[in-house]
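Engineer: Next input, structure requested:
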Amino acid sequence: MRFMVFVKSSAQSEAGVMPDEKMLCEMGKYNAQLIAEGAMLAGDGLQASSKGARVRTSAGKTRQIDGPFAEANELVGGYWLLQLPSLEEATRWLERAPFPSGEIEIRPLYEPADFALDAAEQPGIQAPTPPARIPGTKRYLSMLKADKFTEAGGAPSPKLLNEMGALMEEMAKAGVLLSGEGLKPSREGKRISYDGPKPRVIDGPFAEAKELIAGVSLIQTRSLSEALTWSRRMLEIHMRGVGATEGEVEVRAMHELEDFPVSPEEKPDGWRAREQSFRERGAH
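Structural biologist: Numbering: from 1, shown residues only. Reported below is the predicted structural model:
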């Protein structure tokens, strides 16, 4: 099974405070364990919401809302994409994550087999093989917010799947789409809080639907404005497909290695070298 794991933001990450050398080393070692287990497919950090924006549609009107956003404890600060046998196994791994405080959310992903479609319709669900990174572009995570339909676990219609699949194919051919995933309802997920003597596991569902994520797309564009244009099209297709009158998508800039200042404490074979190796091997 595949799982999207969201790491919640903090006041520090929203202020642009980068992790210290000790935390970066501990996280690098933890990621190395996940990769050695064959569990880590991807993982990245998001820049502060001040470098992102939202597109919100309500009552037939669409507007752009520039960051920063106030609800830091509900914002996403980073993610892992993991592949493990079960939610229980994913939970056991994440209880060992080197967080002194904070919260994560674990959500299973939809797979093609989850959709009861004819074989001829299956290709519309998934995008083609993603393109390579394009020089001069920046990476953004586009997050489709949950709504009543996605939280109810409703099966999307073949028309919706094919329309979204066609857009993803267009994005891949344009060199924009790196990956895209749909998340199962929060009732099938868990949260882990690290604010205590030991991690505390909380079962879904979760009440704050307006801040829950229903789908994610990793895209590369030359500007935030271009990323928002593509994301707005994804939102329009989703809303039209489920008959929603309200919807929102949030677009956040991703951290790159060069965003992390060089510390005098760094070692030549330390976290930065390990992180570079992860990226070159395709783990990010």
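
Engineer: Report the contact partners of the closest residue to residue 176 other than its chain neighbours.
Structural biologist: Once flanking residues are discounted, residue 176 sits nearest to residue 219: 5.1 Å by Cβ to Cβ, 6 or more residues apart in numbering. Where you see a C-beta, it was placed from the backbone N, CA and C, and this is true even at glycine. The contact partners of residue 219, taken as Cβ atoms under 8 Å, 6 or more residues apart in numbering, are 139-142, 171, 176-178, 227, 230-231.

Engineer: Now with 10 Å, please.
Structural biologist: 130, 137-142, 171, 174-180, 226-227, 230-231, 234, 251, 254 (Cβ atoms under 10 Å, 6 or more residues apart in numbering).

Engineer: Then it would be within a strand, right?
Structural biologist: Yes: membership of residue 219 in a strand is supported by DSSP: H, G, I helix; E, B strand; the rest coil.

Engineer: for the chain, which spans come out with low pLDDT?
Structural biologist: Applying pLDDT under 70 to the chain flags the ranges 72, 116-131, 209-210, 261, 271, 278-284.

Engineer: what ranges do the strands span in it?
Structural biologist: All strands of the chain, identified by DSSP state E, fall at 2-8, 40-45, 53-58, 61-66, 76-83, 103-108, 138-145, 177-182, 190-193, 200-203, 213-221, 246-253.

Engineer: could the ones you listed go into TSV alongside distance to residue 24?
Structural biologist: Shown next, in TSV, are the strands of the chain (distance: least, Cβ to Cβ, whole Å):
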stretch	distance to residue 24
strand 2-8	14
strand 40-45	10
strand 53-58	28
strand 61-66	29
strand 76-83	12
strand 103-108	18
strand 138-145	19
strand 177-182	24
strand 190-193	21
strand 200-203	25
strand 213-221	22
strand 246-253	19
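
Engineer: closest to residue 266 out of those?
Structural biologist: Among those, the nearest to residue 266 by Cβ to Cβ is strand 40-45 (17.4 Å).

Engineer: Counting residues, name the longest helix you see in this structure.
Structural biologist: helix 224-242 (DSSP state H).

Engineer: who's the residue nearest to residue 176 bridged to?
Structural biologist: residue 140, residue 177 (DSSP bridges).

Engineer: circling back to that earlier point, weed out the non-buried ones from the contacts of residue 219.
Structural biologist: 130, 137-142, 171, 175-180, 226-227, 230-231, 234, 251, 254 (16 or more other Cβ atoms under 10 Å).

Engineer: From residue 149, how far out is the residue nearest to residue 176?
Structural biologist: Separation of residue 219 from residue 149 (Cβ to Cβ, to the nearest Å): 23 Å.

Engineer: who does residue 104 bridge with?
Structural biologist: Going by DSSP bridges, residue 104 forms beta bridges with residue 7, residue 192.

Engineer: Can you tell me the number of residues neighbouring it?
Structural biologist: Using other Cβ atoms under 10 Å, the number of residues around residue 104 comes to 22.

Engineer: so residue 102 touches residue 73, yeah?
Structural biologist: Yes: here residue 102 lies in contact with residue 73, judged by Cβ atoms under 10 Å, at a distance of 8.8 Å.

Engineer: Settle it for me: which of these two has more neighbours?
Structural biologist: residue 102 (18 against 12).

Engineer: Quick check: chain neighbours aside, which residue is closest to the more buried one?
Structural biologist: Per Cβ to Cβ, 6+ apart, closest to residue 102 is residue 194, 5.4 Å.

Engineer: One more: residue 153?
Structural biologist: residue 185 (4.6 Å).

Engineer: Might you report the residue contacts of the one you found?
Structural biologist: 107-108, 146, 149-154, 204-206, 209, 212, 214.

Engineer: Alright, calling it a day.
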